[in-house]
Structure formats: structure tokens, C-alpha cells
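**Student:** coordinates only, sequence not included:
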């Protein structure tokens, strides 16, 4: 008798993944015992009740892989028809990524980019002040070195220009957060009814999606409505990730993970690397937050205009992804997004998770969109 195992490997991007080198971060691995069989034919027959193998990404980059091994050899599991995993199925999200969401004011993204430029100017100013005695010694012209007195202290004249450049975006960001809190209060007071979202047929990863949306009430400031669907990897459970890397929950985390941070997300669905940096300031009434966090590895379809009383067909997502997978370490999540363009207050999003079957073809996807996790940087 030989062991048949499910092998899961994942290297999930941390917050601000563009600052990291994937090959420098550890690969989380997990092996799940399926059963013991005497022949390879019996092993393949047993795998008929399990989802197919797949790989997202490349070996030296961000990746997620599920495979099966028997007697030290990898078995390819394919199905003649689309396959829906049925083992103790529950959607991986219960109080997140479903319901109403607001879109952050574009000023957050603009100011964040401006802050980066202001910091560069500050560093150049400090370097200039550092070498200014050398410039004076060589008789070269210098500017902004005269002093200006504030209170009892003297400051370089150059500070008159640099300090406001640094302080202005921070003050603007504070004001923008106060505006966001007011938007959230107004949204809670309105109590908008939930739309009815129905899907026309069984949903398969490499096929089109037929969707029908009905609104029980229509607000006066609503304009055009657009529909899209997308798929991505949710963060692995922090607890299971640390276990797979042979780390204690109370010890120093591995590269790419911060120490555990308090958050209002559902336990087990956050790796703790973002904290308060992933979205504008929020009230705590909604368990999943007011802003839809982007999945850091994600692919999506284009938006299609919604027509009242008619079914809308969304094109398959390219390249093809696997269907829904719900384990503590590996979570492939599919969702439909209804975008309502409003005259005031920015767009409004309704998010509906859905269960998607695997394609009958083998899935190997090397390319996908990578996001750093900040809500304000996602374009809608």
C-alpha cells in the first residue's frame, strides 16, 4: 500500500508586493493524506472525487499550486466535464467581500503619490544643506542658506519651502479622511435595499456567466450600472501559514509577514500585513469594512452595461483560472461586482460571491494582475 497525498504550495505576496523579491520569501507547503492504495489505477479512481491539479504563477515568483503524488510521482487529475468541489463546502467569506461598498475618493491616491515626490524633494534638500559648506568653500553660488527666525530658533530659508511641501499632503489626507467618515455616515443613514442577483446556469471557470440583477428601489442620484466578475487568491490563514512554515504563532514571523496586528476583519481571513494602511479611515459598524480590499493576485473581466429586466452575459476571464477552492492555506475566490455610478459621492459597489466549478481542462496560468493591497490605488 502506498500513500496518496494532496500537495499544496503557495507563496502569497505581502502588502506592497512590488517592494519584495518573491524568490527571497519562503514557500508555504502542506501535504494532506487522502488514502492508501496498492495500484496507480486505484489512486486515480479515488482522485475522481477531488478537484483537478492546477498551478498559478511560476516557481520563482508568486504562485499557488495544488498537485497529487503517489509513490513519489505526480499524478495529473483531469475531468471530462466541469468539476465542482463538494467537500464540506462553505464560501470562505461570510462577513467580507459581500454587500455594499464605497469607492474611496481619488484624492487619496493623488496625495499618496504626491507624498512620495515630497519625500524625494526633502532628501535632496537635506543633501544640499549637508554639502553646502563645501560649495561655499569652492566659491560656488548657493541659495536658501540664509536663516529665518521662528520663535527663539533660526532655521534655513530652504525650510520655508520644503516644510509646507511635506505638511500640505498630510493635512489634505486628514481632511479627506474626515470627508470619508461623513460619506459613511450618510450611507448608513440611507439604508439602501439590497439588489437581487441571480445566475442563469451552472458557473464554470472557462465559460461565460449569465447574470440578472434587479433593484427593489432606485435612488434618484443613480446613473449607469455596470457588471463584471473577477477571481483572485485570498490571503492564507495566518495561523495555518505559520504552521506550514514551522513557526510558532508567538515567535518572530517569517520574511513578508509582520507581527500580528489588530483588525476588524473576520479571524482567519487576513495575514496581518496591512493594518490601517490598506484603506481610508473607516467606522467599525460593518464587519467587512466600507471599502473593498483588492485581492493581491487577481484577474477580471471587463465591465458590461446593465439593462433593466434583461440578463447580462459576462465573457470568460482570460487566462483561465481554477474554480472555487476553500482551504485554510489555499483560497481561490470568485465574485461578481455591480458598479453603480452616482452623481454625487462616488461610485457604489455591490459584491456577490459565487461558487464556480473547475474547467475540464488543466489550468496552468503564469500571468496575473498583482496589486499591493491598498484600496485607494484600485481603479474603478
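**Tutor:** That came through, no problem. Just so you know, these numbers come straight off a predicted model, no measurement behind them.
**Student:** care to break the protein down by domain?
**Tutor:** Residue ranges for the domains of the chain, per automatic domain parsing: 2-75, 99-104+193-377, 109-184.
**Student:** which one of these lies closest to residue 84?
**Tutor:** For residue 84, the closest of those is domain 99-104+193-377, at 4.1 Å, according to CB to CB. All C-beta spots, glycine's among them, are computed from the backbone N, C-alpha and C.
**Student:** re earlier: export the domains of the chain to CSV and tack on distance to residue 85?
**Tutor:** Formatted as CSV, the domains of the chain follow (distance: least, CB to CB, whole Å):
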stretch, distance to residue 85
domain 2-75, 5
domain 99-104+193-377, 7
domain 109-184, 37
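**Student:** Generate TSV for those, with mean pLDDT and distance to residue 82 as supplementary columns.
**Tutor:** Below are the domains of the chain laid out as TSV (pLDDT from 0 to 100; distance: least, CB to CB, whole Å):
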stretch	mean pLDDT	distance to residue 82
domain 2-75	87	10
domain 99-104+193-377	85	4
domain 109-184	86	39
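**Student:** need these in TSV with mean neighbour count, can you?
**Tutor:** Shown next, in TSV, are these (neighbours: other CB atoms under 10 Å):
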stretch	mean neighbour count
domain 2-75	17
domain 99-104+193-377	17
domain 109-184	13
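**Student:** For residue 83, which of those domains is the nearest?
**Tutor:** Smallest distance to residue 83 across the domains of the chain (CB to CB): 4.6 Å, for domain 99-104+193-377.
**Student:** how far is the closest one from where the chain is centred?
**Tutor:** 7 Å (CA atoms, centre = their mean, to the nearest Å).
**Student:** First-to-last residue distance for that domain?
**Tutor:** In domain 99-104+193-377, first residue to last residue: 21 Å (CA to CA, to the nearest Å).
**Student:** Please apply the same query to stretch 33-51.
**Tutor:** Start-to-end span of stretch 33-51 (CA to CA) is 15 Å.
**Student:** Tell me which residues are up against it.
**Tutor:** For stretch 33-51, the external contacting residues (CB atoms under 8 Å, 6 or more residues apart in numbering) are 1-6, 66, 68, 70-71, 75, 77, 79, 83, 85, 322-323, 325, 358.
**Student:** let's see 6 Å
**Tutor:** Applying CB atoms under 6 Å, 6 or more residues apart in numbering, the contact partners of stretch 33-51 are 1, 3-6, 68, 70, 77, 83, 85, 358.
**Student:** And for stretch 336-348?
**Tutor:** Here stretch 336-348 has contacts from 103, 183, 213, 221-229, 349-352, 354, 380, using CB under 6 Å, 6+ apart.
**Student:** can you pull the contacts of residue 213?
**Tutor:** 195, 197, 338.
**Student:** try it again with 10 Å
**Tutor:** Listed by CB atoms under 10 Å, 6 or more residues apart in numbering, the contact set of residue 213 reads 195-198, 225, 227, 306-308, 310-312, 336, 338, 350, 352.
**Student:** From those residues, pick the one nearest residue 204.
**Tutor:** For the contacts of residue 213, the nearest to residue 204 is residue 336 (14.5 Å; CB to CB).
**Student:** What helix or strand is that closest one located in?
**Tutor:** Taking DSSP states H and E as the definition, one finds residue 336 inside strand 331-342.
**Student:** May I have the strands that pair with that strand, each with its orientation?
**Tutor:** As defined by DSSP bridges, the strand partners of strand 331-342 come to strand 222-233 (antiparallel), strand 325-326 (antiparallel), strand 348-354 (antiparallel).
**Student:** Specify the stretch among the ones you listed that is closest to residue 171.
**Tutor:** strand 348-354 (28.1 Å).
**Student:** show me the residues around the spatially most central residue of the chain that make contact.
**Tutor:** By CA atoms, centre = their mean, the chain has its centre lying nearest to residue 295, at 2.1 Å. Counting by CB under 10 Å, 6+ apart, residue 295 touches 97, 230-235, 331-333, 335, 368-369, 371, 373, 378.
**Student:** nearest to residue 135, of these?
**Tutor:** Checking the contacts of residue 295 one by one against residue 135 (CB to CB), the nearest turns out to be residue 373, at 43.1 Å.
**Student:** hang on, the closest one packs against residue 296?
**Tutor:** Yes - in terms of CB atoms under 10 Å, residue 373 counts as a neighbour of residue 296; the distance is 5.4 Å.
**Student:** all helices of the stretch 1-150 of the chain, in order?
**Tutor:** Assignment of helices within the stretch 1-150 of the chain using DSSP state H, counting those that start in this stretch yields the ranges 40-46, 107-137.
**Student:** In a markdown table: those helices, plus distance to residue 249.
**Tutor:** A markdown table is the format used below for those (distance: least, CB to CB, whole Å):
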| stretch | distance to residue 249 |
| --- | --- |
| helix 40-46 | 34 |
| helix 107-137 | 32 |
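**Student:** Please name whichever of the ones you listed is nearest to residue 289.
**Tutor:** Taking the helices of the stretch 1-150 of the chain one by one with CB to CB, helix 107-137 is closest: 14.7 Å.
**Student:** Off-centre distance for that closest one?
**Tutor:** Here the centre of helix 107-137 is set off from its chain's centre by 32 Å, with CA atoms, centre = their mean.
**Student:** From residue 317, how far off is residue 372?
**Tutor:** Distance, residue 372 to residue 317, by CB to CB, to the nearest Å: 21 Å.
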